[in-house]
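Student: structure for the following, please:
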Amino acid sequence: MRTPILNGLGHALRWLRDRRGRKQYQVAESAGITKGMLSAYETGRQRPSLETLEKILSTLGCDLNDLHNAIQIINGKPEGMRRRGEGVGSEDDEAATPPVGGSLGERLDVQRILGRRESLPPDEERALTEMLDGFHRFLRYLHETLARALRTDSPSPHEPGGE
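Tutor: Have a look, this model is predicted:
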């Protein structure tokens with residue numbers, strides 16, 4: 001039985017891996033699984049156990065919030081994405097969580113993008129990370145919208161008007 005919350009899990013895992021610029025063999029090796037198993041997860045032929053999913057996400061520097069948002073993007077529902085701490089509890093909970101997209105690897109990406117070696121002040125780092133994350137979400141939304149429009153506008157070679 002397919003669980004609606006997990007629709008797109010495999011594609012979301014691949015999307016997260018691609019976004020971080022990692023190859024299948026790199027992620028598989030770090031997570032302690034075979035490249036073939038990771039491929040089976042990414043194509044949806046197999047579902048990882050929760051333990052294996054945790055290892056894959058950890059290897060990618062992601063958490064369940066990142067996975068949820070990736071699934072929303074893959075399913076064409078970017079409006080369903082959640083910010084860290086959203087709906088979880090008090091403002092104190094949100095303040096204690098890392099920035100949006102806030103794994104350590106992504107914080108270092110902000111510093112790399114800015115060409116900085118030293119750390120940014122936490123508030124500035126959080127603001128820049130949120131801005132970059134929002135920009136990436138906007139680009140993904142535009143890309144998906146354009147791809148969908150092109151798929152519906154282009155006749156297939158077998159239809160009238162096709163090649």
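Student: now the helix or strand hosting F135: average pLDDT?
Tutor: According to DSSP states H and E, F135 maps onto helix 122-153. Averaged across helix 122-153, the pLDDT comes to 79.
Student: next one: stretch 29-37
Tutor: Mean pLDDT, computed over stretch 29-37, is 95.
Student: neighbouring contacts of it?
Tutor: Q24, Y25, A28, L38, Q46, P48, T52, K55, I56, S58, T59 (Cβ atoms under 8 Å, 6 or more residues apart in numbering). Every C-beta, even on glycine, is put in place using the N, C-alpha and C of the backbone.
Student: ok, which stretches of this protein are helices?
Tutor: Taking DSSP state H to define them, one finds helices in the chain at 9-19, 24-31, 35-43, 50-60, 64-74, 91-96, 104-114, 122-153.
Student: mind putting those in a markdown table, mean neighbour count and distance to M81 included?
Tutor: A markdown table is the format used below for these (neighbours: other Cβ atoms under 10 Å; distance: least, Cβ to Cβ, whole Å):
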| stretch | mean neighbour count | distance to M81 |
| --- | --- | --- |
| helix 9-19 | 20 | 12 |
| helix 24-31 | 17 | 23 |
| helix 35-43 | 17 | 21 |
| helix 50-60 | 16 | 17 |
| helix 64-74 | 20 | 4 |
| helix 91-96 | 10 | 15 |
| helix 104-114 | 15 | 15 |
| helix 122-153 | 13 | 7 |
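Student: need those in JSON lines (columns: distance to G80).
Tutor: Output for the helices of the chain, formatted as JSON lines (distance: least, Cβ to Cβ, whole Å):
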{"stretch": "helix 9-19", "distance to G80": "12"}
{"stretch": "helix 24-31", "distance to G80": "25"}
{"stretch": "helix 35-43", "distance to G80": "21"}
{"stretch": "helix 50-60", "distance to G80": "19"}
{"stretch": "helix 64-74", "distance to G80": "4"}
{"stretch": "helix 91-96", "distance to G80": "19"}
{"stretch": "helix 104-114", "distance to G80": "21"}
{"stretch": "helix 122-153", "distance to G80": "11"}
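Student: who wins for proximity to R82 among those helices?
Tutor: Closest of the helices of the chain to R82 is helix 64-74, at 6.2 Å (criterion: Cβ to Cβ).
Student: mind checking how far the closest one is from the chain centre?
Tutor: 5 Å (Cα atoms, centre = their mean, to the nearest Å).
Student: repeat that for stretch 39-56.
Tutor: Worked out by Cα atoms, centre = their mean, stretch 39-56 lies 15 Å from the chain centre.
Student: what does it contact?
Tutor: Here stretch 39-56 has contacts from 6, 9-11, 13-14, 17, 24, 27, 31-33, 37-38, 67, using Cβ under 8 Å, 6+ apart.
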